[in-house]
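Q: Pasting the sequence and the predicted model now:
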Amino acid sequence: MTTESPDPSPTSSSGSADSQSSTQSGTPSIGSMVAEAREAADLSIADVSERTRIRKSVIEAIEHDDFSHCGGDFYARGHLRSIGSAVGADPSEWVAEFDRQFGTPAPTATEVFETETSAPVRLRRGVNWSAVMAMALVIAVALVVVQVTSSSDEPTRDRGTVAEPEPTPTEEPSSEPTEESPEVAQAERDQVVVRMTVLPGQRSWISVTRSDESLVWEGTLESEQSKTFRDDKRLSVVAGCASGVELTVNGQNVGSPGSTCGIASASFTPKDPEGAAG
């Protein structure tokens, strides 16, 4: 009697692929590096979330190499830098590995400047009141000519009934103020206004983007300098020294985006002033 030996157990394709990839590359994944740094700092995910204002679910996903909840490459890099600052690690290796595997390198200040200066500037022109007045005058003269001609063709018609053309108004509409008041006024419901002010004795790198992740402004503000940004959908801000920056959103002071001089990010819409951090 012949006994058949059982077939060997199948090996999980995903587990094999992961182990081969990790062995071939020789570099641990971004998520594992983040988790190891957090554990080395003896911090829980909740601790890191409280320090960075990034949601716990987003941090947990990052530690499993899932960046789909970050909202784009720009925010993923910002989260990695914020987490690195919170756990006392240098996140530059994390960001470089992220760009190599998932994203595209962030634009340099020179590239941003060239893009902004090369873009065509469309000026909003007002009404050409001179042309309007000239047209009105031509129409008025034509009406007078028609009235006079009609009166000459009809002898019994009273010439005194010919209407004089009404004077064309010459007053031009008042122009809107070109400079913004020092205090940020309450924004309209369909617009978000964010004013970023650096506290005395502080300085901070600032980056501001729109809802489509296009860059509005990036640079460094010195002590007591401020900038105001507007958009009709959403503004997302990243501060390099969060505790040194004060935010005013839609006319209401919401304080600093972070309690320490580390990187922090926040997003605001026309309905805020609370904002959505992380």
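A: Now that the structure is in, tell me what you want to look at. Residues are numbered from 1 along each chain as shown.
Q: mind listing the strands for the stretch 51-200 of the chain?
A: 192-198 (DSSP state E, counting those that start in this stretch).
Q: Output the below-cut-off pLDDT ranges for it.
A: 103-127, 148, 150-189 (pLDDT under 70).
Q: Was I right to think residue 208 contacts residue 216?
A: Yes. With contacts counted by CB atoms under 8 Å, residue 208 reaches residue 216, the gap being 4.3 Å. Every C-beta, even on glycine, is put in place using the N, C-alpha and C of the backbone.
Q: hey, what's in contact with both of the two?
A: Residues touching both residue 208 and residue 216 (CB atoms under 8 Å, 6 or more residues apart in numbering) are 229, 235.
Q: For stretch 216-226, buried residues please.
A: 216, 218, 221 (16 or more other CB atoms under 10 Å).
Q: How far does stretch 216-227 stretch from one end to the other?
A: 12 Å (CA to CA, to the nearest Å).
Q: hmm, back to that, take the buried residues of stretch 216-226 and write them to JSON lines, including pLDDT and distance to residue 45.
A: Shown next, in JSON lines, are those (pLDDT from 0 to 100; distance: CB to CB, whole Å):
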{"residue": "216", "pLDDT": "89", "distance to residue 45": "31"}
{"residue": "218", "pLDDT": "88", "distance to residue 45": "30"}
{"residue": "221", "pLDDT": "90", "distance to residue 45": "32"}
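Q: Out of these, which is nearest to residue 38?
A: residue 218 (28.3 Å; CB to CB).
Q: burial of the residue lying closest to that closest one once chain neighbours are set aside, as a residue count?
A: Nearest residue to residue 218, sequence neighbours excluded (CB to CB, 6 or more residues apart in numbering): residue 207, at 4.5 Å. Residues contacting residue 207 under the criterion other CB atoms under 10 Å number 20.
Q: For residue 207, give its distance to residue 28.
A: Per CB to CB, to the nearest Å, residue 207 is found 28 Å from residue 28.
Q: I figured residue 194 hits residue 268, correct?
A: Yes. Here residue 194 lies in contact with residue 268, judged by CB under 8 Å, at a distance of 5.7 Å.
Q: Now do the shared contacts for the two.
A: With CB under 8 Å, 6+ apart, residue 194 and residue 268 have common neighbours 235, 237, 249.
Q: Now go through the residues you listed and say which are in helices.
A: Among the shared contacts of residue 194 and residue 268, DSSP state H puts none in helices.
Q: Make CSV out of the residues you listed and add neighbour count and distance to residue 131.
A: Below are the shared contacts of residue 194 and residue 268 laid out as CSV (neighbours: other CB atoms under 10 Å; distance: CB to CB, whole Å):
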residue, neighbour count, distance to residue 131
235, 23, 39
237, 24, 44
249, 24, 43
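Q: and of those residues, the nearest to residue 62?
A: Nearest member of the shared contacts of residue 194 and residue 268 to residue 62, counting by CB to CB, is residue 237, at 20.5 Å.
Q: Mind listing the residues bridging to the closest one?
A: Following DSSP bridges, residue 237 is listed with bridge partners residue 208, residue 266.
Q: Next up, the contacts around it.
A: 194, 196, 206, 207, 208, 229, 247, 257, 265, 266, 267, 268.
Q: Kindly recompute the last result at 10 Å.
A: Neighbouring residues of residue 237 by CB atoms under 10 Å, 6 or more residues apart in numbering: 194, 196, 206-209, 216-217, 229, 245, 247, 249, 257, 264-268, 275.
Q: What remains of those if I keep only buried residues?
A: Buried, going by 16+ other CB under 10 Å: 194, 196, 206-209, 216, 229, 245, 247, 249, 257, 264-268, 275, out of the contacts of residue 237.
Q: Helices of the protein, start to end?
A: 13-25, 30-40, 45-52, 56-63, 73-87, 92-101, 109-118, 129-153.
Q: And for residue 44, the neighbour number?
A: 12.
Q: Number the residues from 17 up from this point.
A: Understood, numbering begins at 17; the last thing we discussed is residue 60.
Q: so what's it scoring on pLDDT?
A: In the predicted model, residue 60 carries a pLDDT score of 94.
Q: How many neighbouring residues does the nearest residue to it once chain neighbours are set aside have?
A: In space, residue 60 comes closest to residue 54 once its chain neighbours are excluded; the distance is 7.9 Å by CB to CB, 6+ apart. Residue 54 is flanked by 22 other residues according to other CB under 10 Å.
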